[in-house]
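Colleague: next input, structure requested:
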Amino acid sequence: MDFFEHQANARRQTGRLLFYFLAAVVLIVMAVNFAFYLGASFVLKGYSGSPLWHPWSSQAVIGTLILIAGGSLREYLRLRGGGRALAEMVGARRVDFATVQSEERQLINIVEEMAIASGVRPPTVYVMDGEPGINAFVAGLSLDDTVMVVTQGALDAFDRDEMQAVAGHEFSHILNGDMRLNIRLMAMLAGILAIGQMGGFLIRLSWEGGSRSRRRSKRSGGIIYLVVFGALLWLIGYIGLFFGRLIKAAISRQREFLADASSVQFTRNPSALANALLKIMYANESSWLHNLHAEDMSHLCFGETLRFSNLLATHPPLEQRIRVLGAEYLVRGRVRQRALREKQEKVVDRAPNDLRTEDKAPAVVKDLPLIPFVGAGNPSVVEQAATAGIALAVSHQAITMLARTGKVNPAELASAVELHRRLPDGIKKALQTSVGAQSLLFALVAKQNHLAMPQLTAFLGEYLPDMQQDILRIHAQLEGLGMRFALPLTDLALPRLQVMPVSEQKMLFSRLQQVARLDQRISTFEFALLMLLRKQLQRSKARPVKLEKCMEEVSLVIAILLHAGGLRDQELERMHARLMRTMTPAIMPLPVVGAARFSHLAREVQIMAGLPFNERKQVLELAATAVLADAEVQLEEYELLRVVSSLMDCPMPLLVL
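Modeller: A predicted model of the protein is given here:
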């Protein structure tokens with residue numbers, strides 16, 4: 001299953017989720033209706049109505065539906081802020097980019113390396129302080145609105161390889177389209193659980209009112225009725241809770257196996273993932289959370305947040321997940337845990353009596369040795385399948401290139417790690433603040449212009465005097481880096497700008513355009529940077545559209561990619577016509593390609609972002625073929641293809657040189 005099939009499957013899962021939700025709503029409505037029937041029988045003497053439909057049925061059905069819809073809507077509104085809203089809801093702390101805490105610094109580096117390799121925007125990192133359970137999750141409504149949250153227990157327990165394996169698992173959820181489904185699931189289940197919450201509210205209200213009315217016997221009967229009715233609703237709430245857990249279990253379990261497999265595919269290090277799972281298995285707090293929202297986010301996390309029976313567990317058992325990676329990991333883990341326990345017992349036996357109560361076994365098995373990696377395994381089944389069926393006029397190489405969308409292989413991850421490691425300290429320091437990130441973006445654009453230093457200095461002195469020295473210093477440090485660093489540095493810098501007011505980001509966009517036009521042309525990288533920043537500023541969802549309605553947009557994208565590859569005049573026109581004939585029988589004239597048209601491409605690509613994923617795949621296959629039209633892939637044209645695919649929410653990985 002490739003990236004596009006995963007996205008389509010995520011949408012089918014939404015339909016499946018809606019079916020489960022409606023089934024649960026029907027059962028809850030029936031149960032509430034029956035509770036009203038019992039209430040009528042208790043209050044009205046001689047009442048003999050039907051349990052299925054009685055004089056209070058209309059109120060029961062309408063009231064229940066309003067309560068469920070209101071609960072879901074309230075949760076949706078609370079979560080419409082995306083990943084950041086969810087992280088703040090659970091009380092997580094945003095990790096400062098300038099942190100000097102070693103575990104937090106390491107986590108940011110791992111997340112950024114994984115993001116560079118996969119071609120997605122680095123998620124904002126949060127930590128749940130005071131949570132000893134070992135857990136993590138990602139959340140967001142889009143690829144540009146992603147957070148990664150880890151518990152303090154995970155920070156304390158995992159070494160670098162294990163944290164990288166967990167990050168690979170979570171990035172799989174990002175790339176497979178699971179995040180939006182998870183948030184929709186939270187909103188739907190909030191409505192189901194609202195019935196029980198209303199029952200609890202009525203019980204509390206009754207007891208508070210009962211203390212004021214005990215001396216009034218005429219009103220005490222009403223209080224009793226309210227308590228009984230509230231208790232019935234509270235019990236019915238358990239029906240909602242049961243179905244909520246059942247729905248989450250049905251949706252989540254298989255996805256966890258897929259995410260584990262993807263993590264191994266990314267890192268080619270199953271021992272790291274196995275050790276991470278073993279540490280959870282043997283930790284006193286396991287992966288459980290004390291957070292008030294542990295139930296709500298049980299389906300989001302790397303491990304179980306609460307103790308569930310196997311029937312209602314949102315994750316496969318830890319032993320089963322480890323056994324899939326390799327039974328030898330489970331055996332060696334048990335042997336080493338037993339040896340560690342015996343060693344600790346010997347230490348306790350030798351300790352003075354007054355100290356033995358203090359020397360308890362650690363909650364986390366921090367020193368569990370790494371299990372050696374057994375082997376690299378076979379190539380991705382997805383990659384093999386992707387190259388099996390080749391569409392008309394689309395090359396084998398183009399499909400192979402596209403099969404990498406939403407995937408990371410070990411070579412790409414290793415390349416990203418090396419790229420991140422080679423960044424000069426001055427650039428790393430600049431990436432710790434929004435002001436430094438702005439200076440970096442200006443320096444990147446200025447480097448593209450090849451402006452004479454006096455001209456650049458004069459411009460900065462006039463328009464950006466406060467940032468002039470920082471920009472010139474970073475500009476000098478960029479001299480030692482190749483162009484392959486430019487787009488990854490842009491991806492790292494853009495998230496730092498999100499703390500800025502939108503008005504300041506728009507001003508930055510305007511200033512960057514000014515710098516880009518100093519040499520009277522717009523380079524491919526300058527165009528890519530401006531498009532990515534523009535997308536971050538717009539934050540609007542593309543409207544659904546069909547492929548036949550946006551052929552002009554496709555035509556422009558193909559023409560620009562062919563032009564970036566070095567084709568000109570008749571050769572460019574001939575290849576453009578040949579490629580467009582595979583998409584439409586209509587004759588598509590060659591668009592004018594130039595700086596003016598570059599400014600329109602962001603809008604054109606945003607329109608295509610509304611295509612169904614199977615049609616986005618067709619467009620990107622054609623775009624990949626355009627890149628390969630001259631039988632070679634240049635870094636500049638591949639980076640442009642990456643930007644186009646990113647704007648269509650189809651991330652392509654780093655090009656390994």
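
Colleague: can you tell me how far the closest residue to L641 other than its chain neighbours sits from L620?
Modeller: The shortest distance from L641 to any non-neighbouring residue, by Cβ to Cβ, 6 or more residues apart in numbering, is to V627 (5.3 Å). All C-beta spots, glycine's among them, are computed from the backbone N, C-alpha and C. Distance of V627 to L620, computed by Cβ to Cβ, to the nearest Å: 10 Å.

Colleague: quick check: neighbours shared by these two?
Modeller: Common neighbours of V627 and L620 are listed as L641 (criterion: Cβ atoms under 8 Å, 6 or more residues apart in numbering).

Colleague: and stretch 23-33, which residues are buried?
Modeller: Using 16 or more other Cβ atoms under 10 Å as the burial criterion, the residues of stretch 23-33 that qualify are 24-25, 27-33.

Colleague: got those residues as JSON lines, with secondary structure and distance to Q152 columns?
Modeller: Below are these laid out as JSON lines (DSSP: H, G, I helix; E, B strand; the rest coil; distance: Cβ to Cβ, whole Å):
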{"residue": "A24", "secondary structure": "helix", "distance to Q152": "35"}
{"residue": "V25", "secondary structure": "helix", "distance to Q152": "38"}
{"residue": "L27", "secondary structure": "helix", "distance to Q152": "39"}
{"residue": "I28", "secondary structure": "helix", "distance to Q152": "37"}
{"residue": "V29", "secondary structure": "helix", "distance to Q152": "42"}
{"residue": "M30", "secondary structure": "helix", "distance to Q152": "44"}
{"residue": "A31", "secondary structure": "helix", "distance to Q152": "40"}
{"residue": "V32", "secondary structure": "helix", "distance to Q152": "41"}
{"residue": "N33", "secondary structure": "helix", "distance to Q152": "46"}
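
Colleague: now, the most widely separated pair of those?
Modeller: Greatest spatial distance in the buried residues of stretch 23-33: A24 and N33, 14.8 Å, computed using Cβ to Cβ.

Colleague: just for the chain, where's the confidence low?
Modeller: Scanning the chain for pLDDT under 70 picks out 1-11, 13-14, 43-49, 200, 202-226, 308-311, 342-402, 539-540, 594-600, 657.

Colleague: would you map the strands across the chain?
Modeller: Under the criterion DSSP state E, the chain contains strands at 93-94, 124-128, 136-139, 147-151.

Colleague: name the nearest of the buried residues of stretch 23-33 relative to L423.
Modeller: The nearest member of those to L423, counting by Cβ to Cβ, is A24 at 50.4 Å.

Colleague: K407 against L175, yeah?
Modeller: Yes - at 7.3 Å, K407 counts as touching L175 under the criterion of Cβ atoms under 8 Å.

Colleague: for the closest residue to W56 other than its chain neighbours, which residues are in contact?
Modeller: Distances taken as Cβ to Cβ, 6+ apart put F36 closest to W56, at 4.4 Å, once the chain neighbours are dropped. Going by Cβ under 8 Å, 6+ apart, F36 touches 54, 56-57, 59-60.

Colleague: quick one: the residue positioned nearest the centre of the chain from L141, how far?
Modeller: Central residue of the chain (Cα atoms, centre = their mean): I174, 3.6 Å from the mean position. In this view, I174 and L141 are 12 Å apart by Cβ to Cβ.

Colleague: ok, longest helix in the protein?
Modeller: helix 217-267 (DSSP state H).

Colleague: packing partners for that one?
Modeller: If you count contacts as 3 or more Cβ pairs under 8 Å, 6 or more residues apart in numbering; DSSP states H and E, helix 217-267 packs onto helix 3-43, helix 160-175, helix 178-213, helix 270-282, helix 318-325, helix 410-421.

Colleague: could I get those as TSV with distance to D649?
Modeller: Converted to TSV, these look like this (distance: least, Cβ to Cβ, whole Å):
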stretch	distance to D649
helix 3-43	8
helix 160-175	10
helix 178-213	11
helix 270-282	27
helix 318-325	29
helix 410-421	19
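
Colleague: for the contacts of F36, pick the one with the most neighbours.
Modeller: Neighbour counts for the contacts of F36, by other Cβ atoms under 10 Å, peak at A60, which reaches 22 neighbours.

Colleague: doesn't N33 make contact with that one?
Modeller: Yes - using Cβ under 8 Å, A60 is in contact with N33, at 4.4 Å.

Colleague: need the contact list for Q538.
Modeller: Q538 sits next to Q606 when contact means Cβ under 8 Å, 6+ apart.

Colleague: where's it relative to L532, distance?
Modeller: Going from Q538 to L532 by Cβ to Cβ gives 11 Å.

Colleague: next: S286.
Modeller: In this view, S286 and L532 are 40 Å apart by Cβ to Cβ.

Colleague: can you list the neighbours in contact with stretch 429-438?
Modeller: For stretch 429-438, the surrounding residues in contact (Cβ under 8 Å, 6+ apart) are 96-98, 439-440, 467, 470, 474, 492-494, 496-497, 499-500, 508.

Colleague: same thing but 10 Å
Modeller: 96-100, 108, 112, 423-424, 426-428, 439-441, 443, 464, 466-467, 470-471, 473-474, 477, 489-490, 492-500, 504-505, 508, 511-512 (Cβ atoms under 10 Å, 6 or more residues apart in numbering).

Colleague: so which of those are in helices?
Modeller: Using DSSP H, 108, 112, 426-428, 439-441, 443, 470-471, 473-474, 477, 489-490, 492-493, 504-505, 508, 511-512 are the members of the contacts of stretch 429-438 that sit in helices.

Colleague: distance from stretch 622-639 to the middle of the chain?
Modeller: Centre-to-centre, stretch 622-639 and its host chain are 28 Å apart (Cα atoms, centre = their mean, to the nearest Å).

Colleague: cool, stretch 287-297 as well?
Modeller: Centroid displacement of stretch 287-297 relative to its chain, using Cα atoms, centre = their mean, is 19 Å.

Colleague: quick one: end-to-end distance for that stretch.
Modeller: Distance between the boundary residues of stretch 287-297 (Cα to Cα, to the nearest Å) amounts to 13 Å.

Colleague: hmm, the residue nearest to L641 is touching Q634, no?
Modeller: Yes - contact criterion Cβ atoms under 10 Å: V627 and Q634 qualify, at 8.3 Å.

Colleague: neighbour-wise, which of these two wins?
Modeller: The neighbour comparison of V627 against Q634 (other Cβ under 10 Å) goes to V627, with 23 against 15.
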